[in-house]
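Enquirer: Coordinates only, no sequence provided:
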C-alpha cells in the first residue's frame, strides 16, 4: 500500500501515521520525492480494514501496490534511484563503467590492469576473489588473499571495488574490501544470502539468474530491500536459451522493461552474456543505446594466460578503443561517460 501525503503534511502528521502503521505490524518505508512524500506500508493489508488511513491528517490518497514486488516497483517510487559510491553515481545521467579481470590473480597484474582501465575511463574496478565455477576442479579464486589484493589496488588507483560474495560466512571480510557487493547469477535466488546483504547498507550489484524471468529477478531485489538495504543495482548478464553459439543470450529488452517496472538502476554485463571477446564491444554499444546505466566488462592484460574467462576478456587497448566509441553513443542518447 502507498500512502500519498499532502504537499503541506507536517512532520508531526507523518510521525503519527508511521507510528500507527508500525503498531499494526506493517513494515514502513518513507520516500521523499521532489513533489510528494509517500509512505510505503508492506505487510498484510487486512489489518487496515478497521483503520481507514485515508482520514488521517496529512493524507491525500491511499493506493494499493498491485505488482508482487513492492519496494522495487515504480508504483512505490516514481523517481529513478541513484546509488552514490563515493561520489560515483549509478543511475544518473552519467554512465558508469566497471572493468577488470574475471578473477583476481596476482597483485602486480591487478594493479596494472586497474591503472589501465582507469586511464581509459572506467570508474570502478571489478575482480573476483571468490569464484563460483561449474566444475569443482576449476580455479575457485584466491579468497581472503584476493580481497587483500583488491584493497591494495584500490589504495594505488583510488578506484572503488566491486567483488562477489558467495557465502554469508564471508560477509565481514567482503564488507571490509568491497564498495559494492556482487551477488552472482547462480545466487540470485539464494534467499539467505539476499537477506544477509539486505541487513547492511553496502550497495549490492544483483545479477540476473541464468534462466530467471524479469519478475523473479525483481523479486530477488525485493528480498534485499525488504531487509532495509535500498542500495540495489540490477545487472542483466544474459539468460540461457537454446542458442549455443554464444555463452548466453543477452536480453536487451530487459533494460527498458525493468526501467518501466522499477526505479532501480540497471547495468549490463556483455562479457558473460556473449562469452566471446569480439562480441563484447557491439553488445556494449547496444546496451548503452537501449538505456543501460552502466557496464561491467572483463579486461585482462594477457587473456591467453587468464585463470578464468580469458576468451571473453578484452585487452586494455581494446577496452580503451571501446570506451572512445561508447562516449559517442552515450551522447546520442543524451547521456555521458
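Expert: Cool, the structure landed. Worth saying up front: this structure is predicted, and the values here are computed from it rather than measured. Numbering: from 1, shown residues only.
Enquirer: Low-confidence regions, the protein specifically.
Expert: Low-confidence segments of the chain (pLDDT under 70): 45.
Enquirer: now with 80?
Expert: In the predicted model, the chain carries pLDDT under 80 at residues 33-36, 43-51, 64-66, 131-134, 137-140.
Enquirer: can you tell me which helix in it is longest?
Expert: Among the elements of the chain assigned as helix by DSSP state H, the one spanning the most residues is helix 316-332.
Enquirer: So which elements touch it?
Expert: In terms of contacts (3 or more Cβ pairs under 8 Å, 6 or more residues apart in numbering; DSSP states H and E), helix 316-332 is packed against strand 96-100, helix 107-120, helix 277-290, strand 294-298. All C-beta spots, glycine's among them, are computed from the backbone N, C-alpha and C.
Enquirer: Ok, which of the ones you listed comes nearest residue 180?
Expert: With Cβ to Cβ, the closest approach to residue 180 among those belongs to strand 96-100: 8.2 Å.
Enquirer: Regarding the spatially most distant residue from the centre of the chain, what is its secondary structure?
Expert: Distance from the C-alpha centroid of the chain peaks at residue 50, with 39.2 Å (Cα atoms, centre = their mean). Following DSSP: H, G, I helix; E, B strand; the rest coil, the label given to residue 50 is coil.
Enquirer: wait, residue 181 sits on residue 201?
Expert: No: counting by Cβ atoms under 8 Å, residue 201 is not a contact partner of residue 181; they are 10.9 Å apart.
Enquirer: Show the backbone phi and psi for the residue nearest the centre of the chain.
Expert: What sits nearest the mean C-alpha location of the chain, by Cα atoms, centre = their mean, is residue 233, with 1.9 Å. The phi and psi torsions at residue 233 (degrees, to the nearest 10) take the values phi -110, psi 130.
Enquirer: now do residue 79
Expert: Dihedral angles (degrees, to the nearest 10) for residue 79: phi -70, psi 150.
Enquirer: Once you drop chain neighbours, what's closest to it?
Expert: Excluding the flanking residues, the one nearest residue 79 by Cβ to Cβ, 6 or more residues apart in numbering is residue 33, at 5.5 Å.
Enquirer: before we move on, the earlier item: looking only at neighbour counts, state which of residue 181 and residue 201 leads.
Expert: With neighbours defined as other Cβ atoms under 10 Å, residue 181 and residue 201 compare such that residue 181 has more, 26 against 11.
Enquirer: tell me what the helix or strand containing the more buried one is packed against?
Expert: Here residue 181 sits within strand 180-183, counting by DSSP states H and E. In terms of contacts (3+ Cβ pairs under 8 Å, 6+ apart), strand 180-183 is packed against strand 161-164, helix 171-177, helix 191-198, strand 204-207.
Enquirer: Just name the most buried of those.
Expert: Ranked by mean neighbour count, the helices and strands packed on strand 180-183 are led by strand 204-207 with a mean of 26 (mean count of other Cβ atoms under 10 Å).
Enquirer: Any chance you could list what contacts it?
Expert: 162, 180-185, 188, 197-198, 217, 220-221, 224, 229, 231-235, 237, 267, 269, 296 (Cβ atoms under 8 Å, 6 or more residues apart in numbering).
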